[in-house]
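Engineer: Starting from these lines, generate the structure:
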Amino acid sequence: MPVLDEFKKFAVRGNVVDLAIGVVIGAAFGNIVQSLVGDVFMPLIGAVTGGLDFSNYFLPLSSKVTAPTLIEAKKQGAVLAWGSFLTLCINFVIVAWVLFLVVKAMNRLRREDPPEPATPPRQEQLLTEIRDLLKARAP
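Structural biologist: Below is the predicted model of the structure:
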């Protein structure tokens, strides 16, 4: 039973619960970003570049592949789907940027005032006062 007690302490510890919540929120956030990239950014990039659709860009690795779309080409043989890879890279950059902004905002909210300097010991205060008095009397 001691192992079960240890596991219980571990499982209900704040860090594990925070991690679980983070994973769930991260998965939902990933879907939002995927939609943002696929439904907003990539069409805009396609419009700027003359109607390019990156999702269907591929390089056939076999002479048997003659399909015009990536899905059909994958059925015919091996393809290098560099358009999908480019889309995922853009997803990653956007997720990383947004997470950076979120962490930056959280750090700003968590920022604490710097602690006040500790008062020096009484002996040091007295020595400082004596030094200041001597400086004031010196010509």
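
Engineer: Might you quantify the distance of the longest helix out of those in the chain from its chain's geometric centre?
Structural biologist: Longest helix of the chain, by residue count under DSSP state H: helix 82-110. Averaging C-alpha positions (Cα atoms, centre = their mean, to the nearest Å) puts helix 82-110 5 Å from its chain's average.

Engineer: Packing partners of that helix?
Structural biologist: On a contact count with 3 or more Cβ pairs under 8 Å, 6 or more residues apart in numbering; DSSP states H and E, helix 82-110 meets helix 14-36. Every C-beta, even on glycine, is put in place using the N, C-alpha and C of the backbone.

Engineer: I'd like to know which elements the helix it packs on is packed against.
Structural biologist: helix 82-110.

Engineer: Now do the helix it packs on, average pLDDT.
Structural biologist: Averaging pLDDT along helix 82-110 gives 83.

Engineer: immediately after it, which helix or strand?
Structural biologist: Along the chain past helix 82-110, the next helix or strand (assigned with DSSP states H and E) turns out to be helix 122-137.

Engineer: Name the residues that touch that next one?
Structural biologist: 119, 120 (Cβ atoms under 8 Å, 6 or more residues apart in numbering).

Engineer: Show the average pLDDT along that helix.
Structural biologist: What helix 122-137 shows for mean pLDDT is 87.

Engineer: What's the separation between the residue most central in space within the chain and residue 29?
Structural biologist: Geometric centre of the chain, nearest residue: residue 99, 3.4 Å, by Cα atoms, centre = their mean. Going from residue 99 to residue 29 by Cβ to Cβ, to the nearest Å gives 8 Å.

Engineer: for residue 3, same thing?
Structural biologist: 35 Å.
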